[in-house]
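Student: let's see this in three dimensions:
(chains A, B, C and D)
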Protein chains: 2
Amino acid sequence: MRSDQLDSLFAALADPTRRALLQRLMVGDASVAQLAEPFQMSQPAISKHLKVLEHAGLVSRSRIATSRYSHLEAAPLKEATEYMERYRRFWATTFDRLDAALAVFQSHEATATDEPTKEQPND
Amino acid sequence: MRSDQLDSLFAALADPTRRALLQRLMVGDASVAQLAEPFQMSQPAISKHLKVLEHAGLVSRSRIATSRYSHLEAAPLKEATEYMERYRRFWATTFDRLDAALAVFQSHEATATDEPTKEQPND
DNA sequence: TCCTTCTATAACTGAATAGTTCTGAAAGCG
DNA sequence: CGCTTTCAGAACTATTCAGTTATAGAAGGA
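Tutor: The predicted structure follows:
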């Protein structure tokens, strides 16, 4: 996954209104009016949030009559989850990384010869 | 996990510089100068990014002499991964969509600030 | 066609963000 | 003690973002 895709994906998830919209879309596809109904927010504000979600790939949209229905696309969340899983695995399985890090630090060399970068995320 | 915690966590992950800092910290703890070295960015800028990561709970800090070492804390990523796992469940199995959705709704992710607010308890 | 409904866009405001430079504070060292 | 190193904070700028109201456009229904 490209870095700017992670940018827009995490940025999209960083807003509580947008997370609530995703939750709502798990129940099923919905029009803008249906999505806006629970919020004390104007319709254009919801349209903007949907645009952000669409740009992040989390939502796809289609027209039915005059309405536009949003559909949840969870594949990007799979990517993001896998991104974070790499950190989880590192955190769960490594116990002596501080000692190793200090050893590397004291050698005044940034080359990590003891712990190769097999567990590192790519971005 | 509270909603504003997810806000700051996802917002922290939405920046490529901060993700690179996290990746660097997987090699081992590092001082601000060591973290800033690969970037074409001023030292205060890196300090600000570290502050964001610290506020998101992704990094803890300690002093060694005049340096301040950053340490990767992956526990918040575990929380966020579990949050997104609920969407993965939806994405993986199409049959229990409603169950997954109800699980998300009942998980009380939405707090008073981002809970959709009904105006009238009329029905 | 005219009218209604639904949604997007335009234009604007205020707040937050990412970066800069300059300065000051904290902790060792000579 | 004075000096150096390392980092954080202040002050400032430019950009982005989240929201508003007002309006325009797209698609159907009467």
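Student: just the element for A:Leu9, please.
Tutor: If you go by DSSP states H and E, A:Leu9 is part of helix A:3-13.
Student: same question, A:Glu85
Tutor: helix A:75-93.
Student: how about that helix: buried residues?
Tutor: Residues A:Pro76, A:Leu77, A:Ala80, A:Thr81, A:Tyr83, A:Met84, A:Glu85, A:Arg86, A:Tyr87, A:Arg88, A:Phe90, A:Trp91 are the ones in helix A:75-93 that count as buried (16 or more other CB atoms under 10 Å in any protein chain shown). The way it works is simple: take the backbone N, C-alpha and C, and place the C-beta from them, glycine included.
Student: which one of those residues sits closest to chain B?
Tutor: Proximity of these to chain B (CB to the nearest CB) peaks at A:Trp91, which lies at 3.1 Å.
Student: any idea of the mean pLDDT for the helix holding A:Glu85?
Tutor: Helix A:75-93 shows a mean pLDDT of 76.
Student: then it to PDB, C-alphas only?
Tutor: Extracted in PDB, the C-alpha atoms of helix A:75-93 (Å, rounded to 0.1, in the frame of the first residue of the first chain):
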ATOM      1  CA  ALA A  75     -10.800  -3.900   1.900                       C
ATOM      2  CA  PRO A  76      -8.700  -0.800   2.800                       C
ATOM      3  CA  LEU A  77      -9.400  -1.600   6.500                       C
ATOM      4  CA  LYS A  78      -7.800  -5.000   5.900                       C
ATOM      5  CA  GLU A  79      -4.700  -3.200   4.600                       C
ATOM      6  CA  ALA A  80      -4.600  -0.900   7.500                       C
ATOM      7  CA  THR A  81      -5.100  -3.700  10.000                       C
ATOM      8  CA  GLU A  82      -2.200  -5.600   8.400                       C
ATOM      9  CA  TYR A  83      -0.100  -2.600   8.600                       C
ATOM     10  CA  MET A  84      -0.700  -2.300  12.300                       C
ATOM     11  CA  GLU A  85      -0.400  -6.100  12.800                       C
ATOM     12  CA  ARG A  86       3.200  -5.800  12.000                       C
ATOM     13  CA  TYR A  87       3.700  -3.500  15.000                       C
ATOM     14  CA  ARG A  88       1.600  -5.800  17.100                       C
ATOM     15  CA  ARG A  89       3.700  -8.800  16.300                       C
ATOM     16  CA  PHE A  90       6.900  -6.900  17.000                       C
ATOM     17  CA  TRP A  91       5.500  -5.700  20.300                       C
ATOM     18  CA  ALA A  92       4.200  -9.100  21.300                       C
ATOM     19  CA  THR A  93       7.200 -11.200  20.400                       C
END
